[in-house]
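>>> model this:
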Amino acid sequence: MPFPINLSLPWLIAFLIASCTLVAVAAIWIFTEWGDPVWKRYQEKELAVMLEGLEKELPILKDPKWGDPAKVKIAEASIEYLKRPDYQIKQIILKGQGNWAKGTSGTPVDRCMTCHIDEDKLDKLHPTTRDHFPFDVYGCTMCHEGQGRVLRTKEEAHMGLLRNRQEMMGRVQRPEEILALWDRMAKLSIQPGLKAFNFRDYNAAGEDLVYVGSFACLKCHRKLNPRHVERWEPKFKTWERVTRSKDYIEGDNDYRKKCLKCHTTGYDERTDKYSEENVTCESCHGPGEMFAKFMAEDKLAEAALVTHDVFSYEVCGRCHVPYRHDMREAMLVAQEDKEFSDWLAAAFDEESDELYAGISGEAEALGLDKLKGLKGVGDSLDAMLEDMRALLLEQEGAVQTAGEVEPAEEGLPHPLRAGLELPEPLDISAEEARAEAPEKLFITKEAS
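The predicted model follows:
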């Protein structure tokens, strides 16, 4: 069969050489990608290190004294897998970009974990950022940059890589760069509705920004903005009043955390620590680390861009929300009920010294000394309180419908006020006092 294309001998040779080259390149590519790819070598090396570590840890876990049977099963299963691992590409499909907005798989991916497959090791290397930016959501290139999709060679994958905190912080020479990073953090978050503002407390390495303290702010702003400082500084000194409050003193740690969140600056619920007492500059404007950096470089306009926007719901609404002190009302009512219950329990306990310490001649004259004979009242305290509440409700209803009150005779002291109005004790018993009192204190409309 003749060759379909009539080529001269030189052209035919060139065609054959090009064809062989393409076949060789395709074969090399197939072998590199599927036979013995570069990423597989790195993954194999990483898995071997993990296997060695588990084999050393297994005897300790099996020790009857120090071991943990539950962890032994996990370690043995992991060792069995690592001896015959299934090498495969590990990747994270990044949210917020590409087709994610349409509800389908996004095209931007991060494949760094294909080689850096030991997540426990990554956690140890990122103790301050792993909780804020988990690897399975944000990947690695958000902070470290580099080429997240490339798996051919280490050099290609690490092109443009920021290896450490110093290199990451060095890229923020202009506020636009950190603003763009905050925006990207918001887009990659799986929590809906977040904006760049929600990440303005993090630096270029994903760490918490540092609170520099109000002293550093006021050192300059007392001169630059004296009227602003004089207006706002005294308004937020609430810490001393909070710590003197009864509910704060007697509340537990969880209760006090609710106070600390709004009445201190830089409070961290994870560590239960704060930067400064009272509501200071950084409570509204955010941590001052980035601001102070630009101010030290005489970049006033740039510094203003990285502070929190004030007089917005995102700033003020964190503390100034309706019913923010409802928990105080419940706490104070509970404390008053407890104090009243404790007082009654002590007053009606015949073995309590407090019962008779306050009994005076007036009380004896009114027959109140007979309380000494009461027994077992403290045991039925709850029932007594319920009866008292019911009685108060009945009395309130009766007072509201009262038509007329019969006055007592002039000169005859009210029995319940005798001890308050007379300087000397009355020489009258409780029975005589009751006999002299009016038969009715009020007449309801129904009775009239």
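>>> Can you point out the buried residues in the top helix by length along the chain?
When the chain is scanned for its longest helix (criterion: DSSP state H), the result is helix 38-62. Buried residues in helix 38-62, counting neighbours by 16 or more other C-beta atoms under 10 Å, are found at 38, 39, 40, 42, 43, 46, 47, 50, 51, 54, 58, 61. C-beta coordinates here come from the backbone N, C-alpha and C atoms, glycine included.
>>> now do stretch 145-156
So for stretch 145-156, counting by 16+ other C-beta under 10 Å, buried means 145, 146, 147, 148, 150, 151.
>>> got JSON lines for the residues you listed, with secondary structure and pLDDT too?
Below are those laid out as JSON lines (DSSP: H, G, I helix; E, B strand; the rest coil; pLDDT from 0 to 100):
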{"residue": "145", "secondary structure": "strand", "pLDDT": "91"}
{"residue": "146", "secondary structure": "coil", "pLDDT": "91"}
{"residue": "147", "secondary structure": "coil", "pLDDT": "90"}
{"residue": "148", "secondary structure": "coil", "pLDDT": "89"}
{"residue": "150", "secondary structure": "coil", "pLDDT": "88"}
{"residue": "151", "secondary structure": "coil", "pLDDT": "88"}
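>>> closest to residue 83 among the residues you listed?
residue 151 (24.3 Å; C-beta to C-beta).
>>> Report the separation between the closest residue to the closest one other than its chain neighbours and residue 114.
Excluding its sequence neighbours, the residue lying closest to residue 151 (C-beta to C-beta, 6 or more residues apart in numbering) is residue 39, at 4.3 Å. As judged by C-beta to C-beta, to the nearest Å, residue 39 and residue 114 stand 5 Å apart.
>>> Report the angle between the helix or strand that the longest helix of the chain is followed by and helix 38-62.
Note on helix 38-62: by DSSP states H and E, the next helix or strand toward the C-terminus is helix 69-83. In terms of direction (axes from the mean of the first three to the mean of the last three C-alpha atoms, to 10 degrees), helix 69-83 departs from helix 38-62 by 150 degrees.
>>> where along the protein do the strands fall?
Counting by DSSP state E, the chain has these strands, from start to end: 92-93, 109-110, 264-265, 276-277, 402-404, 443-444.
>>> mean pLDDT lowest for which of the ones you listed?
The weakest mean pLDDT among the strands of the chain belongs to strand 443-444, with a mean of 40.
>>> Pull up the overlap in contacts between residue 39 and residue 114.
Common neighbours of residue 39 and residue 114, counting by C-beta atoms under 8 Å, 6 or more residues apart in numbering, are 89, 151.
>>> which sections of this protein are below the confidence cut-off?
Within the chain, the stretches with pLDDT under 70 are 1-7, 28-35, 96-107, 337, 340-448.
>>> let's see it at 50
Within the chain, the segments meeting pLDDT under 50 span 1, 350-363, 365-379, 402-426, 430, 433-434, 437-448.
>>> tell me the contacts of residue 287?
201, 208, 209, 210, 211, 212, 266.
>>> What about the residue lying closest to it once chain neighbours are set aside, how many residues nearby?
Once flanking residues are discounted, residue 287 sits nearest to residue 209: 3.6 Å by C-beta to C-beta, 6+ apart. When neighbours are defined as other C-beta atoms under 10 Å, residue 209 has 19 of them.
>>> so residue 209 touches residue 292, yeah?
No. With contact defined as C-beta atoms under 8 Å, residue 209 does not count as touching residue 292 (10.1 Å).
>>> how many neighbours does the residue nearest to residue 42 when sequence neighbours are not counted have?
Using C-beta to C-beta, 6+ apart and skipping the chain neighbours, the partner closest in space to residue 42 is residue 115 (3.9 Å). Applying other C-beta under 10 Å, we find 18 residues neighbouring residue 115.
>>> Any figure for the gap between residue 115 and residue 207?
As judged by C-beta to C-beta, residue 115 and residue 207 stand 24 Å apart.
>>> Check residue 66 too.
Distance of residue 66 to residue 207, computed by C-beta to C-beta: 35 Å.
>>> neighbour-wise, which of the two wins?
More neighbours surround residue 207 than the other of residue 66 and residue 207, with 19 against 8 (other C-beta under 10 Å).
>>> From residue 113, how far out is residue 180?
Distance from residue 180 to residue 113, by C-beta to C-beta: 24 Å.
>>> Could you check which of those two has the larger neighbour count?
Neighbour count, other C-beta under 10 Å: between residue 180 and residue 113, residue 113 has more, with 20 against 12.
>>> and the nearest residue to that one once chain neighbours are set aside, what does it touch?
Using C-beta to C-beta, 6+ apart and skipping the chain neighbours, the partner closest in space to residue 113 is residue 90 (4.5 Å). Neighbour list for residue 90: 111, 113, 114, 117 [criterion: C-beta under 8 Å, 6+ apart].
>>> okay if I get those as JSON lines plus distance to residue 19?
Formatted as JSON lines, those follow (distance: C-beta to C-beta, whole Å):
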{"residue": "111", "distance to residue 19": "33"}
{"residue": "113", "distance to residue 19": "39"}
{"residue": "114", "distance to residue 19": "34"}
{"residue": "117", "distance to residue 19": "39"}
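>>> just curious, which of these is nearest to residue 136?
Taking C-beta to C-beta as the measure, residue 136 lies nearest residue 113 of those, at 8.3 Å.
>>> Please look at that closest one and residue 138 and confirm they touch.
No. At 11.6 Å, residue 113 does not count as touching residue 138 under the criterion of C-beta under 8 Å.
>>> who's the nearest residue to residue 283 once chain neighbours are set aside bridged to?
Leaving out its chain neighbours, the residue that sits closest to residue 283 by C-beta to C-beta, 6+ apart is residue 265, at 4.7 Å. In this entry, residue 265 is beta-bridged to residue 276, by DSSP bridges.
>>> can you pull the contacts of residue 265?
By C-beta under 8 Å, 6+ apart, residue 265 lies in contact with 211, 214, 274, 275, 276, 277, 278, 279, 280, 282, 283.
>>> quick one: which of those has the most company?
Counting by other C-beta under 10 Å, residue 282 has the largest number of neighbours within the contacts of residue 265, with 26 neighbours.
>>> do you know how far that one is from residue 242?
Taking C-beta to C-beta, one finds residue 282 at 18 Å from residue 242.
>>> Check residue 195 too.
Computed as C-beta to C-beta, the residue 195 to residue 242 distance reads 31 Å.
>>> quick one, which of those two is more surrounded?
Neighbour count, other C-beta under 10 Å: between residue 195 and residue 242, residue 242 has more, with 18 against 13.
>>> Tell me who's in contact with the more buried one.
Applying C-beta under 8 Å, 6+ apart, the residues near residue 242 are 248, 259, 263.
>>> among these, who's most crowded?
Busiest of those [other C-beta under 10 Å] is residue 263, holding 24 neighbours.
>>> if we can go back for a sec, return the member of the contacts of residue 242 nearest to residue 325.
residue 259 (9.8 Å).
>>> you'd agree that closest one is up against residue 252?
No. Counting by C-beta under 8 Å, residue 259 stays clear of residue 252, with 11.7 Å between them.
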